[in-house]
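Asker: Return atomic coordinates for the entry below.
(chains A and B)
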Amino acid sequence: MKNAIALTINRMRLMLRNRLFLFFSLVMPMVFLFLFLGLFARGNAFVLPVMLAQVIAITVMGNYWGLSVQLVMWREQGILRRYRLAPVRASDLLISSIFANYVLTLPTIIIEFVLARLVFHVLTFGNLWTVFLLTLLGTVCFASMGLIIASVTNTMQETQLINQLIWFVLLFLSGATLPIFILGKRIAEIAYYLPATYLVVGLQRAMLHGAGAIDLIPVILSLIGTGLIAFILSSQLFRWDPDDKAPRKAKLWVLATIVPFFILGYWESHHANLTTESQSFFHAMEQQRQQPPPPAQAPPSQPPR
Amino acid sequence: MSESIIEVQDLKKNYGAVEALRGVSFDVQQGEVFGLLGPNGAGKTTAVEILEGLRQPDTGRVSVCGMDPIGGGQSYKQLIGGALQSTALPEKMKVGEALDLFAGFYNRRRTTNDLLKRFGLAEKRGAFYSQLSGGQKQRLALAMALVNEPRVIFFDEPTAGLDPQVRREIYDIIEELKTEKKTILITTHYIEEAERLCDRVAIMDGGRIIKSGTPRELKQASAGTTRIEVRVARPETVETLKRLEGVADAREFDGYYVVHSKAVPTTIVALVKHLESTGNELAGLEIATPSLEDVFIELTGRRLRD
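Answerer: Sure thing, here's the model as predicted:
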């Protein structure tokens, strides 16, 4: 653990000196915040927390991108080989990556909350404990997924390609940017199996309805399960040396990480809860838009679960 | 006789169809500087990486400080230090931070200030890795190899790609370590490096050790000959040169010939007579005692950098 802590501190220093990291982890989330809360929510008290939840989910999901790229770059440049010569384990490096990312994601999320309150006048954040629990588990889950991508890809080009494909799916099919129900029944089916969908839904439920951890147990367990499976697999498949190539079949292990969400997705798809919930959110939003703004403290209408 | 701290027996390693090591055996005594000398692709780096615990051999037995480098795991790594053939660190890592971070991984450690001072990096403490010159990066790599006061140090091509001035600086550092009786294993393809730094040298080629001993022993074993480098106006055949009196061996290189002679005056007289009789002219002649390069040429028929 001593090594993991030393590596975490060092990683944080390196990340803070990296302009690209600062752009993607601080500037981009703020662009999403102003776009979603300023342009789409238009001051609607019901819509604002829904949109804020989506922005926070996108911020958390972003963890997966940077980690895989950095790990592959370090492997290609021979940096990991130097660590291997020292008494450092793969798990020390992987844990430090996740820790450092979480610690540096937290200020961004706090800034998003502060701006939401000061600039967009969001009056209630729902259950903040649940929100922070979900951001923690979400960061661990998505960062671990980034690590497993790094473990099963051989070149930066391959990593970027897979990242872009996954990022596209996470961003547009999870409800983080577009409501699930407007994707159509077939495409919406994909959303049932995405970890990002449940992060978005979990945050929306916590922020809009004050849902507690108990209310979100399937989501929380799935995030923990996926995070754990991805972490264990990436430790096992970890490669220090650019010459050690990942066998093709190793890529299939990525699918193993979403087993918890496959189970959750199977259950949800048979009950169509998410589509109904998404539709209800959207209709409630539309109704709210057509009415004068509700009183600040008025509880939002409860969509069916 | 001091004890062997490194023992390697019949080490073999293949990369697919390529046989990188074909039964390498050697041992290194406590406090000795041992060199693996050979051209690129001889198997030196594979051998040293197996000793560092970075690669698994296919067969053979390896023991360093009484431990198996792979089986010894993290405890083994506490005992060794090394500079890889190309050490790389994150661009935005500062020199002082790198030494602090790596020292923190070990139970025994030297202070960062000591190392910075010793390796002439004190002024670069706050510099990013990307801001260092090639020589400074290499000095940092050597300093990092010593953060844990290792019992055995591995330097893989420590001066490859560096200019002669920086190379001499690195030699000074390694010579200093030598006076401290550190056990060091160096791989190199520079003759000068092996002759100057190593107590014993194993010459490697094609995944095998073809000769080993002290640099002096190896040179003396070079058929007891003297090296004569000959340049002539018109090409001669190697066979003709080999037939000259006192010549043990002759080889042709780019624009010159190297003749190994057991009786230098006799050979030179015979050479001049031969050139006169054929109307050829002597353009240059240089006499030198054989170097390890000559030993290598004699053993393999090739130059080290071919």
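Asker: going forward, measure contacts between C-alpha atoms and count neighbours the same way
Answerer: Fine.
Asker: Single out the residue in the stretch 151-300 of chain B that lies closest to chain A.
Answerer: Closest to chain A within the stretch 151-300 of chain B is B:Phe154: 10.6 Å, counting by C-alpha to the nearest C-alpha.
Asker: Quick check, pLDDT for the residue lying closest to A:Pro218 once chain neighbours are set aside.
Answerer: The spatially closest residue to A:Pro218, leaving aside those adjacent along the chain, is A:Leu264, at 7.2 Å (C-alpha to C-alpha, 6 or more residues apart in numbering or on different chains). We have a pLDDT of 73 for A:Leu264.
Asker: Around A:Leu264, count how many other residues there are.
Answerer: Neighbour count for A:Leu264, taken as other C-alpha atoms under 10 Å in any protein chain shown: 20.
Asker: With B:Gln74 instead?
Answerer: Residues near B:Gln74, counting by other C-alpha under 10 Å: 18.
Asker: The nearest residue in space to A:Met156 that is not next to it in sequence: which element?
Answerer: Setting aside the residues directly before and after it, A:Met156 is nearest to A:Val72 in space (C-alpha to C-alpha, 6+ apart), at 6.2 Å. Take DSSP states H and E as the rule and A:Val72 turns out to sit in helix A:63-77.
Asker: Grab the longest helix from chain A for me.
Answerer: helix A:90-118 (DSSP state H).
Asker: Report the contact partners of the residue nearest to A:Pro218.
Answerer: Residues counted as contacts of A:Leu264 (C-alpha atoms under 8 Å, 6 or more residues apart in numbering or on different chains) are A:Tyr192, A:Tyr193, A:Pro218, A:Val219, A:Ser222.
Asker: Could you do A:Gly202 as well?
Answerer: Contacts of A:Gly202 by C-alpha under 8 Å, 6+ apart are A:Leu134, A:Leu216, A:Val219.
Asker: hmm, back to that, relative to the whole chain's centre, how far out is the longest helix of chain A?
Answerer: Here the centre of helix A:90-118 is set off from its chain's centre by 11 Å, with C-alpha atoms, centre = their mean, to the nearest Å.
Asker: Give me the angle between the next helix or strand after that helix and helix A:63-77.
Answerer: The helix or strand immediately downstream of helix A:90-118 is helix A:128-152, counting by DSSP H and E. Helix A:128-152 runs at 30 degrees relative to helix A:63-77, counting by axes from the mean of the first three to the mean of the last three C-alpha atoms, to 10 degrees.
Asker: what packs against helix A:128-152?
Answerer: Where contact means 3 or more C-alpha pairs under 8 Å, 6 or more residues apart in numbering or on different chains; DSSP states H and E, helix A:128-152 is packed against helix A:47-61, helix A:63-77, helix A:90-118, helix A:156-173, helix A:195-209, helix A:217-237, helix A:253-257.
Asker: quick one: buried residues of it?
Answerer: In terms of neighbour count (16 or more other C-alpha atoms under 10 Å in any protein chain shown), helix A:128-152 has its buried residues at A:128, A:130-132, A:134-152.
Asker: returning to that earlier point: show me what the residue of the stretch 151-300 of chain B closest to chain A bridges to in the sheet.
Answerer: Note on B:Phe154: beta-bridge partners B:Gly82, B:Leu185, judged by DSSP bridges.
Asker: Would you mind confirming that it is in contact with B:Gly82?
Answerer: Yes. Contact between B:Phe154 and B:Gly82 holds when scored by C-alpha atoms under 8 Å: they sit 4.5 Å apart.
Asker: list residues touching both of the two?
Answerer: Taking C-alpha under 8 Å, 6+ apart as the contact criterion, the common neighbours of B:Phe154 and B:Gly82 are B:Glu52.
Asker: Looking at the two, which has the bigger crowd around it?
Answerer: Remark: of B:Phe154 and B:Gly82, B:Gly82 carries more neighbours, 28 against 25, as counted by other C-alpha under 10 Å.
Asker: Could you list the contact residues of chain B toward chain A?
Answerer: Proximity of chain B to chain A (C-alpha under 8 Å from any C-alpha of the partner chain) is limited to residues B:52-54, B:73-75, B:77-78, B:81-82, B:84, B:86-90, B:92-93, B:97, B:101-102, B:104-106.
Asker: Quick one: name the residues of the stretch 51-200 of chain A near chain B.
Answerer: By the criterion of C-alpha under 8 Å from any C-alpha, the positions of the stretch 51-200 of chain A lying close to chain B are A:Trp74, A:Gln77, A:Gly78, A:Ile79, A:Arg82, A:Arg84, A:Leu85, A:Ala86, A:Pro87, A:Val88.
Asker: wait, what's in contact with the first one?
Answerer: Yep, that's A:Trp74 we're talking about. The contact partners of A:Trp74, by C-alpha under 8 Å, 6+ apart, come to A:Leu80, B:Pro90.
Asker: Show the model's pLDDT score for the residue nearest the centre of chain A.
Answerer: If you average the C-alpha coordinates of chain A and look for the closest C-alpha using C-alpha atoms, centre = their mean, you land on A:Met61, 2.4 Å from that point. The predicted local confidence for A:Met61 comes out at a pLDDT of 88.
Asker: what about it, distance to A:Leu67?
Answerer: Computed with C-alpha to C-alpha, to the nearest Å, the distance linking A:Met61 and A:Leu67 is 11 Å.
Asker: can you check A:Ala90 too?
Answerer: Counting by C-alpha to C-alpha, the separation of A:Ala90 from A:Leu67 is 14 Å.
Asker: For these two, indicate the residue with more neighbours.
Answerer: A:Leu67 (24 against 18).
Asker: Could you give the number of residues near B:Thr111?
Answerer: Applying other C-alpha under 10 Å, we find 12 other residues in the vicinity of B:Thr111.
Asker: same question, the one 5 residues further on
Answerer: Neighbouring residues of B:Leu116 were enumerated by other C-alpha under 10 Å; the total is 21.
Asker: Once you drop chain neighbours, what's closest to it?
Answerer: B:Ala122 (4.7 Å).
Asker: okay, the one you found: pLDDT?
Answerer: The pLDDT attached to B:Ala122 in the predicted structure is 89.
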